[in-house]
Structures are given as structure tokens and as C-alpha cells.
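**Student:** Just to be clear, the model below is a prediction. Sequence and coordinates:
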Amino acid sequence: MKKSKCPTSWLEAFFMLEQHLKSMDDGSRQLIFLDELPWMDTPRSGFITALEAFWNGWACHRDNIMLVVCGSASSWIQNSLINNHGGLYGRLTYEIKLSPFTLHECEAYYRSRGIKLSRYEITRGYMVLGGVPYYLGYIEPSQSMVQNVDRLFFSKGAPLRGEFDRLFASVFARPAEVKSIVKALSERHAGYTRSEIAKKTGIKQGGGLSKMLEALIVSDFIQAYVPFGQSKRAVHYKLVDPFCLFYLRHVSNQNRPDGFWQQNQSSPSILSWQGIAFEDICLMHIDQIKKALGIYGVSTRQSSWALPGNDGADGTQIDMLIERDDNVVNLCEMKFYKNDFAVDKAYDRTLRNRLALLQQHLPKRVAVHMTLITTFGLAYNEYYGAFQQVITLDDLFE
């Protein structure tokens with residue numbers, strides 16, 4: 001601007017912008033891009049009021065103005081723009097949600113940087129870093145995935161050791177309360193209901209808790225689902241963000257020695273965690289699973305099911321059921337193995353028990369397809385026929 005001064009308010013700042021755009025208007029498109037918008041809206045700044053006045057009073061009446069706003073604070077974007085009930089109500093023309101990379105996109109990203117990793121190792125890295133490009137940018141081509149994890153979390157000056165706290169402080173307006181929700185959900189793989197979350201965290205049920213849960217869902221930290229056989233009111237919230245699950249399980253408040261990750265790859269706790277983390281990866285790649293099953297165009301619902309046992313009968317737990325509108329339910333078993341997975345006699349008995357219990361809770365018209373989702377495939381033996389369908393890592397990388 002030829003002549004300008006520091007504005008004393010956002011109203012004045014937007015008026016100066018208006019005058020500047022008028023002075024250079026030749027009829028061609030004028031693009032206004034405001035990055036990190038949530039951090040402009042400080043308390044009592046009047047930013048939103050000024051933005052509303054600028055857009056409604058001047059910009060929206062001009063055919064050549066395009067306003068693009070961007071922000072990483074998803075709760076603010078959700079409440080102040082997308083669901084705005086004030087002057088910006090209904091003003092949103094188009095929304096782009098930037099979700100984490102899929103396994104396929106991670107593989108393409110690594111390839112573009114000359115990083116040579118097998119799909120097995122990419123999946124193990126996904127269990128730790130998820131599909132966030134910022135974290136993937138720390139991977140060194142000269143190191144294995146295990147070495148990279150040690151350097152990023154379990155070495156002196158590890159660059160991502162304090163990331164958990166930084167992440168929530170930068171994304172959410174009430175980081176302490178949001179973190180308490182995430183920590184509570186990390187304690188149980190199946191998640192909790194809203195009332196259980198309120199009880200565990202001390203956050204009162206109401207609008208505040210609802211907004212925080214919605215912000216976590218929009219930000220891809222958690223998923224909401226209804227367990228199989230329960231009413232729609234029994235919504236459960238489940239933590240699915242790989243980075244948070246890994247951090248709270250292996251890094252948070254623990255004094256790990258240098259080289260911890262390389263030294264403990266075969267420990268029961270890490271092997272158990274890998275199995276659970278693989279289940280979450282499968283949930284995040286449900287579209288790829290449906291495509292592999294040939295049901296991409298069929299309406300489906302995903303859920304889990306837990307049936308408690310009693311004195312007369314054993315209970316069971318199924319981590320993923322895909323209920324389909326073509327009268328089929330896929331009972332999915334997820335197994336993360338170094339080699340082909342082999343069904344033994346004991347596991348075959350477990351599968352038969354799960355199938356029998358599930359069929360008791362389904363209409364007679366519905367068939368159950370036993371489905372294995374695993375790394376490399378199913379080993380051929382006398383129990384090979386326990387599964388009708390097998391999905392591998394290659395399918396998840398589609």
C-alpha cells in the first residue's frame with residue numbers, strides 16, 4: 001500500500017484491505033488468502049465481527065473476489081466458520097478437509113523422497129506416526145524404520161518426544177481438557193460412552209464436552225460408533241490416532257533408555273500393541289477393505305461386539321463386524337504377522353465359537369463370512385478353510 005499505518009483494530013484493518021483492493025481492481029480475480037486464521041481471533045479482538053462486516057458488507061457483492069481461509073485449529077474452524085450461526089452463516093462455498101495420508105499415500109511419499117521401505121515396514125511406521133506428512137518428513141532414508149523411531153522418540157534430544165503436548169496446545173482452545181479425554185480413551189481399546197468419558201475426566205456433560213468430542217472426530221483423533229446389537233443412543237468414542245496411541249503407550253511419563261525400540265522389538269508388550277495398532281489401521285482403511293471384498297458400492301456399517309461370559313458360557317469379542325445391506329455380515333479377524341498366518345486347532349475352535357454366538361444374534365436370512373485381514377496371507381493346513389476371504393497388506397495399500 002502506498003500510504004498506510006498500523007491499524008488499531010480488525011475493523012480498521014479490513015477497511016484498509018478493502019481500500020487497497022479497490023485501488024488495484026482491474027476486473028481480474030482478486031484472491032485473499034488468510035493462513036492460520038484461528039490465531040488471529042484472540043480474546044476480545046473482534047476479529048470475527050470484522051471479518052463478517054468485510055465479507056457481508058463489501059466482498060460478497062463483488063464477482064471477482066475469492067477469500068480462502070486456512071487453519072489447523074479444527075475446533076475453531078468447526079465452530080466459528082462451518083457451523084457459524086452469526087453473520088457468516090451459510091457463507092461457506094467450499095470446504096477442503098485435509099486428512100492424514102493413507103498407507104498408499106505414505107508409500108508414494110516415501111518413494112518420492114527416495115526412501116526404500118517394504119510395505120511391512122511402512123505399516124509398522126504408520127502404527128507410530130500415522131499418516132501425518134509433518135511426522136513422515138523426519139524419516140531418514142539411511143535408517144531402518146526401527147532406527148528412525150528410536151531417534152525420534154528414544155534418543156537424547158529426540159525431536160518428537162514433546163510433540164504430544166505441543167500438538168494439543170496448538171490445535172485446541174482447551175488443550176488440558178482435550179488431552180484428558182484422549183488419555184481416558186487410550187485406556188480401553190473399545191472406547192467409552194459420553195457419560196463414561198465425563199465420569200473419568202471430570203468434565204461435565206453438556207455443550208462443552210460435545211464440542212470437544214466433535215472437534216476430536218473432525219480432526220481424525222477419535223471415531224464415534226455404535227457397538228453391534230446396541231441402540232443408536234449407545235454411541236461409543238474410540239481413540240484411533242496412531243501417534244497418540246503410541247505415545248501414551250510407550251513414551252509418556254516413561255524414562256526409556258537410548259535404543260529402547262530396537263532392543264524390545266520382540267517383547268510381549270510391543271507385540272501385543274502391534275496387534276491392536278494393526279486393528280486400528282484396518283478401521284482407518286475400511287474403504288480399501290470394502291473394495292477388496294467387492295462390496296464398495298454396498299451400504300455398510302462397521303462396529304465391534306463384545307459379549308460378556310457367565311457361569312454357563314464363554315463370552316467373546318469381535319473387533320470389527322461389517323454389516324452389509326445384501327444380507328451378509330463379514331466377521332473380521334485382524335492379525336499382524338511376519339509370515340503367513342496359520343490357524344491352529346485352538347484358534348479354529350475359538351472362531352467356531354464366535355461364529356455360533358454371532359449367528360444367535362442375527363436374523364436367519366443373514367449369512368456370516370469369516371474374513372481374515374493379515375499381512376501376507378493364510379498358511380495352508382487342515383484349518384485353512386476357517387476363513388472364506390483373506391485380505392492382505394497389498395489390498396490395504398490400494
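**Tutor:** Yes, it's here.

**Student:** how near is Arg188 to Tyr237?
**Tutor:** Arg188 is 11 Å from Tyr237, where distance means C-beta to C-beta, to the nearest Å. C-betas here are computed from N, CA, C, even on glycine.

**Student:** ok, these two, which is more surrounded?
**Tutor:** Using other C-beta atoms under 10 Å, the more surrounded residue of Arg188 and Tyr237 is Tyr237, with 22 against 13.

**Student:** Just the terminal-to-terminal distance for stretch 380-392.
**Tutor:** 15 Å (C-alpha to C-alpha, to the nearest Å).

**Student:** quick one: buried residues of it?
**Tutor:** 383, 386-387, 390-392 (16 or more other C-beta atoms under 10 Å).

**Student:** ditto for stretch 206-216
**Tutor:** 209, 211-216.

**Student:** With secondary structure, distance to Phe336 and pLDDT added, can I get these in TSV?
**Tutor:** Supplementary listing: the buried residues of stretch 206-216 in TSV, determined by DSSP: H, G, I helix; E, B strand; the rest coil; distance: C-beta to C-beta, whole Å; pLDDT from 0 to 100:
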residue	secondary structure	distance to Phe336	pLDDT
Leu209	helix	34	91
Lys211	helix	35	85
Met212	helix	31	89
Leu213	helix	29	91
Glu214	helix	31	87
Ala215	helix	30	85
Leu216	helix	26	90
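
**Student:** show me where pLDDT drops low in the protein?
**Tutor:** 73-75, 310-313 (pLDDT under 70).

**Student:** Try it again at 50.
**Tutor:** For the chain, no stretch has pLDDT under 50.

**Student:** Would you map out the domains in it?
**Tutor:** 10-82, 103-278, 285-396 (automatic domain parsing).

**Student:** Make a markdown table from these and add distance to Ile96 to it.
**Tutor:** Output for these, formatted as a markdown table (distance: least, C-beta to C-beta, whole Å):
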| stretch | distance to Ile96 |
| --- | --- |
| domain 10-82 | 9 |
| domain 103-278 | 13 |
| domain 285-396 | 19 |
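
**Student:** any idea which helix or strand comes after the longest helix anywhere in the chain?
**Tutor:** In the chain, assigned by DSSP state H, the helix with the most residues is helix 268-284. Downstream of helix 268-284, the first helix or strand assigned by DSSP states H and E is helix 286-293.

**Student:** What residues sit buried inside that next one?
**Tutor:** Across helix 286-293, burial judged by 16+ other C-beta under 10 Å covers 288-290, 292-293.

**Student:** Going by neighbour count, which residues in stretch 247-258 are buried?
**Tutor:** Buried, per 16+ other C-beta under 10 Å, within stretch 247-258: 247-251, 256.

**Student:** Could you tell me which of these belong to strands?
**Tutor:** If you go by DSSP state E, the buried residues of stretch 247-258 have nothing in strands.

**Student:** Out of those, the closest to Asp326 would be?
**Tutor:** Arg249 (38.0 Å; C-beta to C-beta).

**Student:** which residues sit in contact with the nearest residue to that closest one once chain neighbours are set aside?
**Tutor:** Once flanking residues are discounted, Arg249 sits nearest to Trp273: 5.7 Å by C-beta to C-beta, 6 or more residues apart in numbering. When contacts are counted by C-beta atoms under 8 Å, 6 or more residues apart in numbering, Trp273 touches 127, 246, 249-250.

**Student:** repeat for Phe15
**Tutor:** Neighbours of Phe15 in contact, by C-beta under 8 Å, 6+ apart: Phe54.

**Student:** Downstream of the strand or helix carrying it, the next helix or strand is which one?
**Tutor:** For Phe15, the element it lies in under DSSP H and E is helix 10-23. Using DSSP H and E, the helix or strand that directly follows helix 10-23 along the chain is strand 30-34.

**Student:** Pull the residues that contact that following strand.
**Tutor:** Residues contacting strand 30-34 (C-beta under 8 Å, 6+ apart): 17, 21, 24, 40, 59, 64-70.

**Student:** can you give me the strands in the stretch 51-200 of the chain?
**Tutor:** With strands called from DSSP state E, counting those that start in this stretch, the stretch 51-200 of the chain shows them at 65-69, 192-193.

**Student:** Trp261: which of the ones you listed is closest?
**Tutor:** Judged by C-beta to C-beta, the one of the strands of the stretch 51-200 of the chain that comes nearest to Trp261 is strand 192-193, at 29.3 Å.

**Student:** quick one: stretch 154-167 to chain centroid distance?
**Tutor:** In terms of C-alpha atoms, centre = their mean, to the nearest Å, the centre of stretch 154-167 is found 20 Å from the chain centre.

**Student:** Kindly report the same for stretch 121-134.
**Tutor:** The answer for stretch 121-134 is 12 Å, by C-alpha atoms, centre = their mean.
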